Every structure is written in structure tokens, then in C-alpha cells.
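S.K.: Any chance you can model this:
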Amino acid sequence: MGPTQIPESRLTATDAQLIADAARFLSETGLIPTSELEYPVKVVDNLGAGIFGLAKKGTIYISRQTLERGAQFLTSTIYEEYCHLRYGFLDESRAFQDFILDKLIYMTAAAHRAGAFQAQE
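M.R.: Model prediction:
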């Protein structure tokens with residue numbers, strides 16, 4: 001069953017706000033290069049066991065369970081699916097792992113240069 005066959009879940013105002021907050025965070029931190037997500041985010045009741053997000057045909061699908069796990073998990077799931085669509089990374093690939101780790105180190109180094117970390121005594 002593909003995501004086009006899965007009916008969208010009813011979006012509550014809280015759901016919409018969580019998704020908007022995730023997109024804003026990704027934009028404000030520079031994880032996405034635009035002020036808004038380039039791809040629509042659709043919430044579905046279920047994508048299958050252990051599947052929290054799916055990138056398909058220019059759309060990010062998020063399971064209801066992803067929203068229930070909270071803002072941080074939602075944000076990371078949206079970002080993962082965004083990267084699949086924008087950069088073409090395959091799921092669970094070395095190229096995707098390298099991209100994420102490079103991004104983590106780059107951003108951590110920038111925060112360190114800006115004085116975001118205190119020296120440990």
C-alpha cells in the first residue's frame with residue numbers, strides 16, 4: 001500500500017502548529033536553505049510498523065505516531081524526509097549518514113566558534 005492510498009489524518013490546530021514550528025526551526029538554524037519547506041507535509045494515521053516518515057513524489061508523509069512522540073522527533077523526521085527529497089539520499093545509506101554527521105560537526109564547530117560552549121573544569 002503506497003502513501004497515495006493512505007488517507008490523510010485529520011490535522012488538529014496543535015498538529016499544524018507543531019509542523020510549522022519544526023519547519024521554522026529547520027529554516028532558522030540553516031538546516032534547510034529556504035524560509036519554508038519546499039515540500040508539503042501530510043499526516044497519515046499509519047505508514048506501517050516502525051515507519052515514522054516517508055518521502056515520496058515530492059511529499060513528506062508523517063505518521064500520527066511521529067506527532068505523538070513530540071516536537072524534537074517530529075522535526076528530525078521531517079528533516080530526514082526532506083533530505084531524501086532534496087538531495088536524493090537513500091534510506092539508511094552511508095551517503096546519508098555522512099551528510100548528517102558532516103552537518104552536525106559543521107554546525108557544532110560554528111556554535112563553538114561563536115562561544116556557545118563553556119569550558120569544562
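S.K.: Sketch out the low-pLDDT regions of the protein for me.
M.R.: Residue ranges of the chain with pLDDT under 70: 1-6, 119-121.
S.K.: ranges for the helices of it?
M.R.: With helices called from DSSP state H, the chain shows them at 13-28, 64-68, 71-87, 94-113.
S.K.: Take the ones you listed and lay them out in TSV including mean neighbour count and distance to L37.
M.R.: All C-beta spots, glycine's among them, are computed from the backbone N, C-alpha and C. Below are the helices of the chain laid out as TSV (neighbours: other CB atoms under 10 Å; distance: least, CB to CB, whole Å):
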stretch	mean neighbour count	distance to L37
helix 13-28	15	5
helix 64-68	17	15
helix 71-87	18	7
helix 94-113	11	17
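S.K.: Tabulate these in TSV, adding columns for distance to K56.
M.R.: As requested, the helices of the chain are exported to TSV (distance: least, CB to CB, whole Å):
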stretch	distance to K56
helix 13-28	17
helix 64-68	15
helix 71-87	9
helix 94-113	16
